[in-house]
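In: When you get a sec, could you give me coordinates for this:
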Amino acid sequence: MKGETFDKERIHHMNLARLKKGGEKFEVAIDSEKAMAFRNGGISDVRDVLEAEHIFSDAKKGSLASEHELQRMFKTTDPLAIAAIIIKEGEIQLTEAYRERKVEEKQRRLIALIHRNGVDPKTHLPHPMSRIEHALAEAKAHIDPFLSAEEQMGKIVKQIQPVLPIRFELKEVTIKIPPEYAAKAYGSIKGFGRMLKEEWLNDGSWLGIIEIPGGMEEELYDQLNKATHGNNQTSVKVK
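Out: A predicted model of the protein is given here:
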C-alpha cells in the first residue's frame, strides 16, 4: 500500500531516477552511471542498474508506491518493467557528492585533452594544465557530468577562449633517426599520430613524417630523445 516504508536511511543516500505520470511521482534507487548506460543501450538488464527492486512514491521518505497506482499508471505491477520505463523516460537524479565527483573527472579529462590538442596561437605551444584549469574557473565553464569530455570539449573551449586564447592545429614533424636507434625509437613514437610518410634509408636510418596534435610536440620530442639519447634530427611544419 502507498505509505509503506522501506529502509528509509539506506535509500536516502542513493541516487534516483524519477518519473512524473498522471499527477503522481514514481522513483527507483539506482546506480547513476549504470542507469545512463541502460538508457543508452550499454546495459540490457535493468537489475544491474537498481539498488533496490522497489518502486517508490517518495524514496527519501522510504514510501513505496501502491500497487493500485502502479497498475493504473503502468498497466502492470512488475517492478522491473516499471523501473525500466522510469529510467528510460524519467529524470536521472544525482546526489551532490556524485555529481561533484563526475564533474571533477570530466574536468581532468577536458584539461588533458585541451592541453594535448590545443596551443597558444602566439607561441604555438600548449598551455600549461594549471592555466587551463584556472581558465575553466574564471570562465565559470559549465561541465556536464553526463557527457563525455570529448563530446563537450568544443563547447567548453568556446567558453574559455575569451580568457585563454586557444587554437587547435596539426603539426607535421619530419624525423630522421640514425640506424643504431631506428627500430627502438620508431616503436616508441609511432602511436603519437598519423604517419604520413616513412622510409628506411640505405644506411639503415629511418626517415618519417608524422602528423600530430599541436600540443603533443614537446611530448614527442621528449620520447624521441629518450629513445635516441638525443641523436635525431627533426623539423616541424604547422598545418
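
In: I figured Ile111 hits Leu136, correct?
Out: Yes: with contact defined as CB atoms under 8 Å, Ile111 counts as touching Leu136 (7.4 Å). For the C-beta atoms, the positions are set from N, CA and C on the backbone; glycine is no exception.

In: So Trp206 sits against Tyr186, correct?
Out: Yes: using CB under 8 Å, Trp206 is in contact with Tyr186, at 5.7 Å.

In: With neighbour numbers in mind, choose between these two.
Out: Neighbours were counted for Trp206 and for Tyr186 using other CB atoms under 10 Å; Trp206 has more, 20 against 17.

In: show me what contacts the more buried one?
Out: 175-177, 179, 182, 185-186, 198-200 (CB atoms under 8 Å, 6 or more residues apart in numbering).

In: Now it: closest residue in space that isn't a chain neighbour?
Out: Closest residue in space to Trp206, ignoring its immediate chain neighbours: Ala182 at 4.0 Å, by CB to CB, 6 or more residues apart in numbering.

In: just Glu138 next, same as before
Out: Closest to Glu138 by CB to CB, 6+ apart is Val163, at 4.9 Å.

In: okay, now the one you found: neighbour count?
Out: Neighbours of Val163 (other CB under 10 Å): 14.

In: Does anything pack onto the helix or strand harbouring the residue nearest to Trp206? Which helices or strands?
Out: Using DSSP states H and E, Ala182 falls within helix 179-189. On a contact count with 3 or more CB pairs under 8 Å, 6 or more residues apart in numbering; DSSP states H and E, helix 179-189 meets strand 170-177, strand 206-213, helix 217-228.

In: And the last one, what's buried?
Out: To tie it back to what came earlier, the one meant is helix 217-228. Neighbour-count burial for helix 217-228, counted by 16 or more other CB atoms under 10 Å, picks out 217, 220-221, 223-224, 227-228.
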